[in-house]
Structure formats: structure tokens, C-alpha cells
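K.L.:
missing the sequence, but the structure's below:
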């Protein structure tokens, strides 16, 4: 290097410039042309599974707002007997409730009728006639618990393992750890349906947080273009687009070699994925080739884009195409009032598609290695919100005990796990915390939840934070 006489480079400048060059060399030497956190050809950050996996993928059916367990899966006859009486102080005194704080706590029963279903005789509400027929395929968890009592932290906690924004969603952790199982679609995809009572679904619920953004969930929209900017603009042909992307890739690779920023590698991967999605997404979302039997199974709503039924059918198609994590959000379960009528409406939208998805996956041989999870962010209280004698009453948020169900991929089938007290207020047997559910799901996917970590701000983070245990009673 030719330097002018008496040239002097300040120590701070030397260290700053040298850090970029040496850091980039070290990074590229360790990870090849792309950092290990960016999945290429199916590669994830883990060198291999921690133990043999029983599942390959996840479908999470998230019921936004918190469905009532008392109208669906957890019958409590005593609530009907004591309907309108004060809730015992011994159960509720000093404990957190949401909107009922300081109000009289009055017991609320239900008009629903429960019947024993399946070989195990699991009691299920008359609002779920289709689910009644598939109870032998799933484990009903009546002992779920969470730490969050309001919606946004509750949803955030269920999706990321932490009540505050900024952490990666579970689908992002799975993409980071295992990479992608397909070349033409993202590893993590999201579909929305329903309309909530002030229940906005935020894009950060499927954010990659501090992980590289290549692991972020991609939303399939409906109606309209399934993914923004999927189509070429007028006058732009696919060969021209390909040449432009090739030029951009060369520039990005040069810049990556200079500075070693993982987000540049992410940008390269995202451009290539977007180009392939121009073909794969239209084929995925075109249901015209589905046989009539599919719509008979999922219901006629499956013909209407953006419905929960259509999204369940798309979830099966995504499974067939190797997508790693499929998140369905269905809003509309926040029933602070009018719970009797509104529960009927939401169950009519979701009952048949949920049962159909389990049947469809099983008949195609896909349920055995697909985890299917159904849950809200929390449940509802056995106490009334509003006048329990009138017909416009509802139920408040309940974080201490609620119900979820799981199926496929190594979960036990045809059993009930856990129980609540006679009021449905506290868990009395085999509690399952959200961290425990996450740990168990990762276990079935071949991952030790304590070893899937990412260093951020000087600390090793994981989906289950510093808690969580694998629930052996959920394993088949």
C-alpha cells in the first residue's frame, strides 16, 4: 500500500476498520458463504437432532381471544347447580382477574349439554358435533396455565414464550434450528380468519425477533394477492426479473464478503425465495383442483377464501409441500358478553374444519408426523361478567386454568390429561404451563428445548426462557 509521507492512522480508526474485515473473514471461514443461522438447502443452526424426532412439522390452530372451556371441553355440573350464587372467597380472594377486579364474583353455568365420546368416553359439548367424532385422535389438556391475563401479552406469551414483544415466535425458532424442508415456500407461514372484538392480530406475533429475519413468518393474505408484490409489474417478464436478481445477488455477495452482516445473507435468501414463490404460491392457493370430497369434508366455507375452513384446507396443502410451521389465527373468542350466542357462531365456523383437518391428515398418512395444536391465549372464568340472570352475560379472562388439545406427531391419542376443581377455577391434576407445552412440542420434533439457543445482548436465549419441562404424560 502506498501511503503519503508522515501518514498516520488513528488507533480507533484502525480497530474499527480491522474489526469489519477480520470479523467477516472469521464468519465466512466458519460458515461458508452464508452464516449458519440462514437456512440454505434445508440446513438449520443445529448440526443434527438432539434425539430421534417423531414429528416433522407443526400446525398451530390459535383461537384468538380465549375460548371458554365451560362451553366446549371442560364440563362443570356444579356451576349449573350454583348458578347465580357468590363464588367462594376461598378460591378467588387476592387472585388476579381482569375486568372483574373489585366486582361481585357470581357463579355462571352454561346451557350446553355434554356427552361422552370416543373409546375413552371424553365429555365434549354439543357445540362441537364434528369434534365429538374424532376425540380418539387427540389428547385433551384440561390443565393448561399461563402467566398473562390480558390479550396482547397472552398471545405474545403463547407464541414466543415471553409476555413482552421482541422475542422470536415458535415458528421462527423451528426455522432457525431445523431450517427449511422445501425450496419453494418459507419454513414458517401464517393464515388469518375471523373478526375479533378489538382483537387485532399483530404481525409481530410471527416475528423472528432477534433471530435473522429469514426466519420470520410469512402471511398468506386473502382475498387479493396471497403475498404482497408477488406478481411482476406491467412490462416486467420473468427472464428480465431473473437477470435483475442475479445482478443484485452478485452485489450483495460482494458486500457480504466485505462486512459479514448476516442480514445481507438473509436478503440474498429472501430474494431467491420470493422469485420461486411467484410460481409456488399461486399453485398452492388454487383450490380448483381439490376434489368435491375435500369440500364435503371441510364444509362449503372452504370454497370461500379467508375463512377458517379454507385456511385449514390450505394448512393440509402446506404440510404436503413441506412447510415446517403453519400458524392459523382465528379471531372472535373474546366473549365478555353474549357468550351463549357468540360461542355458537364461532364453533360453527371452526368445529367441522378442525375435525376435517385431523381426518384428512390421517387418511393421507401425515398425522403421524404432524403436530396439531388447538389453544387460545387463556380460558374464561367460571364467574359471570354482567348479569348472570340475563341472557347477555359473558365470562372474563382466566389464566389459572384452561383447555387445549393436541394431536399427531407422537402425542398420546384418546385421553384426557389433567383436571380442574369442581368450579373449573384451579388446576388440581397434572398442570401444563405454556413453557411445558413448548418444551414437549420441541421434544417431539427432536429438539432439547434447553439446547436450542441464540446469543443476544450477552445472554443465551431460548423459546422456554429459563423454565419448561417435557410432559411425559402427553407422549404416546
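P.N.:
Nice, thanks for sending it over. Not measured: the values here are computed from a predicted model.
K.L.:
Without its sequence neighbours, what residue ends up closest to residue 384?
P.N.:
With sequence-adjacent residues excluded and distances taken as Cβ to Cβ, 6 or more residues apart in numbering, residue 384 is closest to residue 108, at 3.7 Å. (C-beta placed from N, C-alpha, C; glycine too.)
K.L.:
just the strands in the stretch 351-476 of the chain please.
P.N.:
Using DSSP state E, counting those that start in this stretch, the strands found in the stretch 351-476 of the chain span residues 370-375, 379-385, 394-398, 402-407, 415-417, 419-420, 427-429, 432-433, 454-456, 459-461.
K.L.:
Burial-wise, tell me which of these comes out on top.
P.N.:
Compared across the strands of the stretch 351-476 of the chain, strand 379-385 shows the largest average neighbour count, a mean of 28 (mean count of other Cβ atoms under 10 Å).
K.L.:
So what angle separates the directions of that strand and strand 402-407?
P.N.:
Put simply, strand 379-385 runs at 150 degrees to strand 402-407, going by axes from the mean of the first three to the mean of the last three Cα atoms, to 10 degrees.
K.L.:
Could you dump the strands of the stretch 351-476 of the chain into a markdown table and include distance to residue 325?
P.N.:
Formatted as a markdown table, the entries for those read as follows, by distance: least, Cβ to Cβ, whole Å:
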| stretch | distance to residue 325 |
| --- | --- |
| strand 370-375 | 10 |
| strand 379-385 | 24 |
| strand 394-398 | 27 |
| strand 402-407 | 15 |
| strand 415-417 | 23 |
| strand 419-420 | 30 |
| strand 427-429 | 28 |
| strand 432-433 | 20 |
| strand 454-456 | 17 |
| strand 459-461 | 18 |
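K.L.:
As a markdown table, those with mean pLDDT and distance to residue 219 would be great.
P.N.:
As requested, the strands of the stretch 351-476 of the chain are arranged in a markdown table below (pLDDT from 0 to 100; distance: least, Cβ to Cβ, whole Å):
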| stretch | mean pLDDT | distance to residue 219 |
| --- | --- | --- |
| strand 370-375 | 98 | 19 |
| strand 379-385 | 96 | 27 |
| strand 394-398 | 96 | 26 |
| strand 402-407 | 98 | 23 |
| strand 415-417 | 98 | 32 |
| strand 419-420 | 98 | 35 |
| strand 427-429 | 98 | 34 |
| strand 432-433 | 98 | 28 |
| strand 454-456 | 96 | 23 |
| strand 459-461 | 96 | 24 |
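K.L.:
Out of those, which is closest to residue 446?
P.N.:
Ranking the strands of the stretch 351-476 of the chain by distance to residue 446, with Cβ to Cβ as the measure, places strand 370-375 first at 11.7 Å.
K.L.:
who does that closest one touch, helix- and strand-wise?
P.N.:
Contacts of strand 370-375 with other secondary structure elements, assessed using 3 or more Cβ pairs under 8 Å, 6 or more residues apart in numbering; DSSP states H and E, are made with strand 57-64, helix 339-363, strand 402-407, helix 434-444.
K.L.:
Now with 6 Å, please.
P.N.:
For strand 370-375, the elements it packs on are strand 57-64, strand 402-407, judged by 3 or more Cβ pairs under 6 Å, 6 or more residues apart in numbering; DSSP states H and E.
K.L.:
How many residues are close by the residue nearest to residue 408 when sequence neighbours are not counted?
P.N.:
Across the structure, with Cβ to Cβ, 6+ apart as the measure, the residue nearest residue 408 apart from its sequence neighbours is residue 367 (4.2 Å). Here the number of neighbours of residue 367 (other Cβ atoms under 10 Å) works out to 22.
K.L.:
Would you mind measuring from residue 367 to residue 72?
P.N.:
Residue 367 sits 22 Å away from residue 72, going by Cβ to Cβ, to the nearest Å.
K.L.:
what ranges of the stretch 251-400 of the chain fall below the confidence cut-off?
P.N.:
Flagging of the stretch 251-400 of the chain using pLDDT under 70 yields an empty set of residue ranges.
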